[in-house]
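*Asks:* Curious how this folds, go ahead:
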Amino acid sequence: GPPMTSRHEKASPPSLDRVHALGLRAILFMALAYVGMMIVLLLAADFLRPRLVNLTARCTASLLTLLGGGAYASGPMVTSPYGAVEIIYECTGIFPIVILAAAIIAFPAGWRSKAIGLSLGVTIILVLNQVRVLSLVFIERFVPAIMGPVHHLVWPAMILFSTTVLFLIWAKTALNGRQG
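*Replies:* Got it, this is the predicted structure:
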């Protein structure tokens, strides 16, 4: 077997082959988790889609009302003094949530840590997504010339970046919890 190390000696780092194998396994597991969750989403789309869209629309209308906008939601449509917007499935935050969930589920951590990471991560993504939707309402009303690039380039990049950062912070915390 491998030589024993005392408490004062440093263990040798894992071989590059072992690191590559672990990395490949993690990527494969994450891909399988992602595909599995997307299949579930597709199978449950008829049930989930209208509920998530309407919930996002109602939250948007409520927040616009709190901001003085007197908004209301009717199904996917949100109407306010700032204009009307239609919430679609992609506006709900479900896809970044699936990406974060696949990464957390694939990561070698305990289930308690995963549950905490998923709970906090989903909450943060939903809040960030709501900020995104609200900002787009105001951009459409006050600076419509930049709506296309902000809607299709800036916000998707920010959401993906934020999802990645959330995962990395959680992963570091999960690893530190395992070592401590």
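
*Asks:* what about this structure, any weak spots by pLDDT?
*Replies:* Using pLDDT under 70 as the threshold, the predicted model of the chain has low-confidence ranges 1-14, 18-19, 22, 179-180.

*Asks:* again, only this time at 90
*Replies:* Within the chain, the segments meeting pLDDT under 90 span 1-48, 68-69, 90, 95, 98-99, 102-103, 105-108, 175-180.

*Asks:* And the helices in it?
*Replies:* 16-43, 45-66, 94-106, 111-142, 147-149, 155-179 (DSSP state H).

*Asks:* Okay, buried residues for the longest one please.
*Replies:* The neighbour-count check on helix 111-142 (16 or more other CB atoms under 10 Å) flags 113-114, 116-118, 121-122, 124-126, 128-130, 132-134, 136-137, 139-140 as buried. (C-beta placed from N, C-alpha, C; glycine too.)

*Asks:* cool, and the last one?
*Replies:* Buried residues in helix 155-179, defined by neighbour count with 16+ other CB under 10 Å: 155, 159, 162, 163, 166, 167, 170, 171, 174.

*Asks:* could you dump the helices of the chain to TSV with distance to residue 77?
*Replies:* Written out in TSV, the entries for those read as follows (distance: least, CB to CB, whole Å):
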stretch	distance to residue 77
helix 16-43	23
helix 45-66	7
helix 94-106	19
helix 111-142	12
helix 147-149	18
helix 155-179	20
